[in-house]
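> 3D, please:
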Amino acid sequence: MAKKIFAFIMAAVLACTALAGCTAKRSDNTAVENISTTKKVTDDSNFKLSYTQADSLDPFKAKTQNNQVLSSLVFESLFDLDESWESVPNVATKYEFTDGKTLKVYYNTQLTFSDGSPVESDDIIYSFNAAKKSPAYKNSLKYISSASTGADNTIIFYLKKANPNAVNLLTFPIASTKDDKNGYPIGSGRYKYVKKDSKTYLKAVVTKDFNPYITTINLVNIAAADSIDNAVNIGNISYAFRDLSSNVAKRMTCNRKLINMNNLVYIGVNSLSGITANAQIRKAISLACDRNTFAESAYNGYGTAATSPFNPQAKLAQNVKIFSSEADTTTARQAIAQSKIDSKELKLNILINKNDNRAACAALLKNQLEAVGFTVTIDEVSTKEYTRRVKGVEFNLYIGEVKLSDDMCLYPFFDDNAGGVRYGINNKDLTCDDLYSAYLSGEADLGKFILAFNEEMPYIPLIYKKGMICYTKAMSGDMQGYWGNFFSNIDTWHFE
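Okay, here's the model as predicted:
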């Protein structure tokens with residue numbers, strides 16, 4: 001309910017209402033009437049969201065971004081994340097580590113679901129187990145092995161590997177073990193699913209903490225991405241989140257707000273063979289990169305320069321900066337000289353799949369590397385062939401993208417069992433992967449890992465991508481949504 005408290009405060013500020021001496025509490029989630037002596041004009045018809053009718057509304061079965069985003073209005077999680085990727089208690093009240101691999105979470109026993117039933121430990125355990133198998137959450141929860149009910153209103157989570165940031169993974173939806181009479185899953189969120197005339201809607205669960213203008217959200221069956229973009233442009237739907245996985249930005253004419261994501265665009269490097277097996281060459285490649293140019297040109301401003309392995313917007317990375325956002329050609333040439341590799345051998349190939357952003361990124365990288373003495377070619381292939389070559393380590397460099405989990409975990413690069421993006425990284429001869437594990441277990445500080453990473457450069461972070469909140473020009477209200485909390489102040493949104 002941290003969302004609810006925040007939304008309530010924002011509504012009060014916008015309405016210029018002084019509520020001196022009054023503090024909102026999450027002790028009761030039951031709908032109430034006559035919230036205020038001043039009647040609020042409510043809206044049951046104007047606000048529309050897209051959903052995929054052929055997909056499930058169950059948050060643990062939904063496969064489409066459409067329905068996964070929608071679920072954040074219906075379900076709440078143990079913790080929310082703020083815009084710095086710091087955990088904020090929601091269904092949970094606090095947490096503590098009893099040892100490096102055991103996380104104890106206290107939850108609020110006064111909370112109820114939208115049907116009035118209490119949120120209990122069985123619901124939380126059920127939701128965790130379902131989330132571990134779900135399309136949306138299974139990757140982020142893979143390093144949490146199990147959960148059980150503890151004493152004093154606690155849930156105990158058992159980690160496969162030590163991780164001081166594991167609480168950031170407890171953002172999965174909490175759902176009741178029972179569905180409602182219409183077969184809809186039940187949550188404790190700001191809205192609930194209802195059926196009327198064989199159609200599905202979202203109905204506001206009005207409480208003292210949440211009293212929106214928009215009391216009914218109409219759902220429009222639009223599955224195709226292009227159709228969603230067009231629908232929000234012309235006002236057939238009111239709001240959408242777009243992750244810019246294609247050239248969405250060029251098509252959007254509605255109101256927009258950029259939001260930070262944890263999607264890293266990086267250069268994969270073959271450190272097993274060829275000139276890129278030389279650490280000085282890998283450092284030279286990184287130094288030659290103008291990360292600001294990648295963000296502004298190749299990704300049209302929808303990115304932030306990666307100045308460390310971690311997302312620069314995260315609190316974890318605020319005091320960690322090892323890469324310049326601009327190219328350092330002088331130092332790059334010095335690193336090449338220190339590599340002792342003959343200038344005739346300074347030949348690199350960049351592997352990419354057919355993607356406009358990556359093609360632009362590769363063209364920029366080619367120019368930047370040639371400016372410091374490399375001879376560069378670009379090999380653009382089908383996605384199937386690209387995947388085959390990356391897995392087979394048939395490359396010097398490749399441009400890739402990975403969505404990192406909200407705990408900023410780098411295991412996709414360092415853990416052979418994590419899958420994903422470890423290809424070409426020579427973990428046997430590196431020290432930074434061991435230092436990363438030592439940092440997570442509390443045996444080494446973060447600085448040692450960062451220094452080793454900078455010396456060994458197992459891969460080269462370029463930018464962290466941004467997404468976009470899009471909304472119709474007919475709607476008013478200050479859009480405060482961000483990653484993971486797209487509807488943060490929905491109670492202030494309204495139509496003139």
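> and the helix or strand where Leu264 lies, what's buried?
Following DSSP states H and E, one finds Leu264 within strand 255-269. Residues of strand 255-269 classed as buried: Leu258, Ile259, Asn260, Met261, Asn262, Asn263, Leu264, Val265, Tyr266, Ile267, Gly268, Val269 (neighbour count, 16 or more other CB atoms under 10 Å). Any C-beta I mention is one placed from the backbone N, CA and C, and that applies to glycine too.
> do stretch 322-337 as well
Quick answer for stretch 322-337 (16+ other CB under 10 Å): Phe323, Ser324, Ser325, Ala327, Asp328, Thr329, Thr331, Ala332, Arg333, Gln334, Ala335, Ile336.
> alpha carbons of the strand holding Leu264, as CSV, please.
The C-alpha coordinates for strand 255-269 follow below in CSV (Å, rounded to 0.1, in the frame of the first residue of the first chain):
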residue,chain,number,x,y,z
ASN,A,255,2.0,12.8,-24.7
ARG,A,256,5.1,11.0,-23.5
LYS,A,257,7.2,10.5,-20.4
LEU,A,258,10.5,8.7,-20.5
ILE,A,259,11.2,6.2,-17.7
ASN,A,260,14.4,4.4,-16.8
MET,A,261,14.7,0.6,-17.4
ASN,A,262,17.3,-2.0,-16.4
ASN,A,263,18.0,-3.1,-20.0
LEU,A,264,21.7,-3.0,-20.7
VAL,A,265,23.1,-2.6,-24.2
TYR,A,266,26.6,-4.0,-24.2
ILE,A,267,29.5,-5.1,-26.4
GLY,A,268,30.2,-8.8,-26.0
VAL,A,269,33.9,-9.6,-26.3
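> distance between it and the chain's centre?
9 Å (CA atoms, centre = their mean, to the nearest Å).
> quick check, pLDDT for the residue nearest to Ala92 when sequence neighbours are not counted.
Leaving aside its chain neighbours, Ala92 sits nearest to Leu78 (4.1 Å; criterion: CB to CB, 6 or more residues apart in numbering). Here the pLDDT value assigned to Leu78 is 98.
> over to Leu78: give its phi and psi.
phi -60, psi -40 (degrees, to the nearest 10).
> pretty sure it sits against Ile124.
Yes. The criterion here is CB atoms under 8 Å, and Leu78 meets it with Ile124 at 7.2 Å.
> for Gly373, see how far away Leu287 is.
12 Å (CB to CB, to the nearest Å).
> sorry, wrong one. I was asking about Phe60.
Counting by CB to CB, the gap from Phe60 to Gly373 is 53 Å.
> ok, Lys384 next?
34 Å.
> more neighbours, those two?
Gly373 (15 against 9; other CB atoms under 10 Å).
> could you list the buried residues of whichever helix in the chain runs longest?
As assigned by DSSP state H, the longest helix anywhere in the chain is helix 356-370. Judged by neighbour count (16+ other CB under 10 Å), helix 356-370 contains these buried residues: Asn357, Arg358, Ala359, Ala360, Cys361, Ala362, Ala363, Leu364, Leu365, Lys366, Gln368, Leu369.
> pick the one among those residues closest to Leu70.
The closest of the buried residues of helix 356-370 to Leu70 turns out to be Asn357 (CB to CB; 27.0 Å).
> distance of that closest one from Ile237?
Separation of Asn357 from Ile237 (CB to CB): 26 Å.
> can you pull out the helices in this structure?
Taking DSSP H as the criterion, the chain carries its helices at 2-14, 65-70, 121-132, 225-234, 279-288, 291-293, 329-339, 356-370, 383-391, 411-414, 432-440, 446-456.
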